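In: Mind looking at a prediction? Sequence and model below.
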Amino acid sequence: MSDLELWPIGNCQVSALVNSEGSIVWGCVPRVDGDPVFCALLNGDSQDAGVWRFELEGQISASQEYIRNTPILVTRLEAEDGSAVEVLDFCPRYEEKGRMYRPVAFARIVRPIAGSPRIRVVLHPMKNYGAQLADTTNGTNHIRYLVGQQALRLSTDAPVGYILETRTFRIEQDTHFFLGPDEPFMGNLREEIRRMEQATRKYWQQWVRGLATPFEWQDEVIRCAITLKLCQHEETGAIVAALTTSIPEAPHSERNWDYRYCWIRDSYYTVVALNRLGALDVLEKYLAYLRNIVDSAKGGQIQPLYSVMGESELDETTASYLAGYRGMGPVRRGNAAYKQVQHDCYGQIVLPTVQGFIDRRLLRMADERDFESLEQVGEMAWAMHNQPDAGLWEFRTRQEVHTYSAVMSWAACDRLSNIASWLGVEDRAALWCERADTIRATIEREAWVENGEEGGHYGASFESDYLDASLLQMVELRFLSPENERFKSTFAAVEKHLRRGNHMLRYAAEDDFGAPETAFNVCTFWLIEALHLAGRDAEARTLFETMLSHTTQSGLLSEDLDYETNELWGNFPQTYSLVGVINCAGLLSKPWSNVR
């Protein structure tokens with residue numbers, strides 16, 4: 001079983017990953033990019049530190065499932081003598097007193113459901129990125145873990161001494177654990193945690209009820225949608241690329257990156273996918289985050305990524321105390337890609353923002369002033385459309401004029417023209433339309449590679465003729481129609497050179513770390529979309545079902561997949577990959593009208 005057999009819980013403030021034995025092995029406080037107080041996932045052989053698990057004496061099996069349409073997890077542990085417990089895990093989230101209650105807190109309920117189960121509580125949070133175990137102080141019904149500037153307080157109706165001494169004890173009634181802010185727990189612990197769980201369950205089920213899901217693959221789409229929402233830091237609206245850092249893209253590759261940040265590109269794809277399901281709350285909050293980013297840039301260069309708080313400097317260091325995933329370090333904190341130049345980000349700010357001017361459902365409609373600040377982003381797209389950058393795959397040692405970045409710059413100008421027309425500002429509409437036409441002509445001239453009998457294809461960059469999977473996005477961005485002959489021959493070339501059985505590489509050329517060893521999951525979904533557009537629907541469906549068979553038991557995917565062993569690699573859960581599931585399900589599903 002893969003070590004990425006993980007189940008996310010969260011409340012859009014904090015999140016945790018629970019492994020297949022019901023142990024919390026990853027979780028950062030006070031937010032997603034904070035100190036991983038639970039870091040066993042990256043702690044090599046030291047599995048008794050940075051963990052919170054319940055050990056059932058004589059345990060022989062564990063099984064798990066989410067409560068339907070929620071991120072509330074139930075783990076059933078069974079022992080050889082027939083005794084069993086259920087562990088219910090969640091992070092509270094519901095509306096209370098006119099605002100969303102989403103504390104920095106993890107709640108767990110252990111229920112005896114058969115026999116006379118005996119358990120041991122192993123709760124050993126760490127601090128300073130695995131440098132040391134947190135010191136403790138305790139009272140009659142609580143333990144304080146000194147994890148940093150703020151302590152975490154465990155309030156419980158289990159015997160505190162047994163937890164401190166990690167002793168095994170019989171569990172004879174429902175036992176409650178609330179690890180949260182360092183303040184006395186108000187009210188009756190048992191009743192309050194049960195009330196929290198019910199309110200959290202209701203919140204998520206109501207949220208899911210508002211989704212416009214496709215008819216087929218509903219459970220898969222709902223699970224991906226819930227998980228994408230967990231990747232949003234609600235306070236600011238930022239969306240992180242994944243909940244983890246430093247899970248290698250391939251074994252011993254040192255392609256270990258910190259993904260707990262908001263990439264403008266990944267977030268664009270996330271809001272587009274959730275938008276197709278009608279999850280406007282995520283879009284609205286993200287647009288507020290983007291407005292702040294644009295304000296801070298003051299008409300200048302936009303970085304590829306920022307922290308969830310909008311911090312622009314994300315210095316990349318390594319956490320030397322953590323051995324890494326399966327001992328495969330380094331564990332990185334921060335991401336040097338913030339220094340890179342990636343010109344596709346201008347289009348990725350403009351595209352989701354278009355809806356803000358047009359969608360009458362939104363609480364805050366965008367206006368002329370918003371258009372003026374968005375035009376500054378467009379000016380950057382126009383200025384940079386034919387300038388070299390690191391590209392969407394973030395090459396660290398070379399720069400070219402990447403076709404994908406140029407197409408995104410075209411899209412920025414094209415959509416600004418649309419917005420200007422909508423607002424009735426015809427002179428601006430004409431200007432942006434003219435610029436879009438100029439960029440289009442440049443791409444057609446500079447990116448096209450003639451190739452005799454194969455009919456040619458677009459190159460990944462203006463300077464070279466190698467191929468990359470992002471060329472398949474030219475239809476999605478409306479630069480080309482699926483019937484376009486240039487698109488057809490580009491798709492044929494991409495499929496021939498980058499497809500590996502049921503999987504797709506980003507590119508096959510060597511990069512800063514050598515040749516890629518794993519397939520990039522979102523590229524496989526782009527392949528499925530392209531097959532659908534080419535009228536190869538039966539093939540697309542088969543490939544989609546195959547991809548779904550590679551998901552974890554929790555129904556999720558990481559970033560990469562070994563195309564020979566089908567093992568998942570890379571950070572988890574990866575927003576890109578979940579977006580692929582949602583988009584392909586929407587494209588390939590039979591319509592609801594078939595059954596209504």
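Out: Nice, I can see it. Numbering: from 1, shown residues only.
In: where do the strands sit along the stretch 151-300 of the chain?
Out: For the stretch 151-300 of the chain, the strands defined by DSSP state E, counting those that start in this stretch cover 152-156, 168-170, 175-181, 232-233, 238-239, 262-263.
In: my bad, the stretch 401-550 of the chain
Out: With DSSP E, counting those that start in this stretch, the ranges of strands along the stretch 401-550 of the chain come out as 448-449, 457-458, 499-500, 503-504, 519-520.
In: between these, which one is nearest to residue 219?
Out: Across these, residue 219 has its closest neighbour in strand 503-504 (23.5 Å, C-beta to C-beta). Using the backbone N, CA and C atoms, a C-beta is placed for each residue, glycine as well.
In: What strands line up against the closest one, and which way round?
Out: Strands adjacent to strand 503-504 in the sheet, as given by DSSP bridges, are strand 499-500 (antiparallel).
In: So what touches the strand it pairs with?
Out: The contact list for strand 499-500 (C-beta atoms under 8 Å, 6 or more residues apart in numbering) reads 505, 519, 527, 563.
In: please redo it, this time with the cut-off set to 7 Å
Out: The set of residues external to strand 499-500 that reach it, using C-beta atoms under 7 Å, 6 or more residues apart in numbering, is 519, 527, 563.
In: Helix, strand, or coil at residue 578?
Out: Here residue 578 is recorded as helix under DSSP: H, G, I helix; E, B strand; the rest coil.
In: burial count for it?
Out: Residue 578: 31 surrounding residues under other C-beta atoms under 10 Å.
In: looking at it, it is touching residue 228, isn't it?
Out: Yes - here residue 578 reaches residue 228: they are 5.5 Å apart, a contact under C-beta atoms under 7 Å.
In: For residue 136, see how far away residue 415 is.
Out: As judged by C-beta to C-beta, to the nearest Å, residue 415 and residue 136 stand 55 Å apart.
In: higher neighbour count, the two?
Out: Per other C-beta under 10 Å, whichever of residue 415 and residue 136 has more neighbours is residue 415, with 23 against 16.
In: Next one: the more buried one relative to residue 349, how far apart?
Out: Distance of residue 415 to residue 349, given as C-beta to C-beta: 10 Å.
In: do residue 263 as well
Out: Applying C-beta to C-beta to residue 263 and residue 349 gives a distance of 12 Å.
In: between these two, who's got more neighbours?
Out: residue 263 (29 against 25).
In: Nearest to residue 30 among the strands of the stretch 401-550 of the chain would be which one?
Out: Comparison of the strands of the stretch 401-550 of the chain against residue 30 by C-beta to C-beta identifies strand 519-520 as nearest, at 31.9 Å.
In: For the closest one, name the packing helices and strands.
Out: strand 503-504, strand 560-561 (3 or more C-beta pairs under 7 Å, 6 or more residues apart in numbering; DSSP states H and E).
In: Present those as TSV; the columns should include mean pLDDT.
Out: Below are these laid out as TSV (pLDDT from 0 to 100):
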stretch	mean pLDDT
strand 503-504	94
strand 560-561	96
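In: And these: which comes nearest residue 331?
Out: Nearest of the helices and strands packed on strand 519-520 to residue 331, taken as C-beta to C-beta: strand 560-561 at 17.7 Å.
In: thinking again about what came up before, just name the most buried of the helices and strands packed on strand 519-520.
Out: Among those, strand 560-561 has the highest mean neighbour count (mean count of other C-beta atoms under 10 Å), at a mean of 26.
In: And the contacts of that strand?
Out: Under C-beta under 7 Å, 6+ apart, the answer for strand 560-561 is 249-250, 503, 518-521, 550, 568-570.
In: make it 8 Å
Out: Residues contacting strand 560-561 (C-beta under 8 Å, 6+ apart): 249-250, 503, 518-521, 524, 550, 567-570.
In: Would it be right to say that residue 145 lies in a strand?
Out: Yes - per three-state DSSP, residue 145 lies within a strand segment.
In: burial count for it?
Out: Neighbour count of residue 145, defined by other C-beta under 10 Å: 23.
In: list the contacts for it?
Out: Neighbouring residues of residue 145 by C-beta under 8 Å, 6+ apart: 37, 123, 125, 134-136, 151-154, 179.
In: Report the two of those residues separated the most.
Out: Among these, 135 and 179 lie farthest apart (C-beta to C-beta), at 15.5 Å.
In: one step back: of the strands of the stretch 151-300 of the chain, give the one that comes closest to residue 209.
Out: Closest of the strands of the stretch 151-300 of the chain to residue 209 is strand 232-233, at 18.8 Å (criterion: C-beta to C-beta).
In: Direction included, what does that closest one pair against?
Out: For strand 232-233, pairing defined by DSSP bridges yields strand 238-239 (antiparallel).
In: coming back round to it: any of the contacts of strand 560-561 buried? List them.
Out: Those of these that meet the buried threshold are 249-250, 503, 518-521, 524, 550, 567-570, by 16 or more other C-beta atoms under 10 Å.
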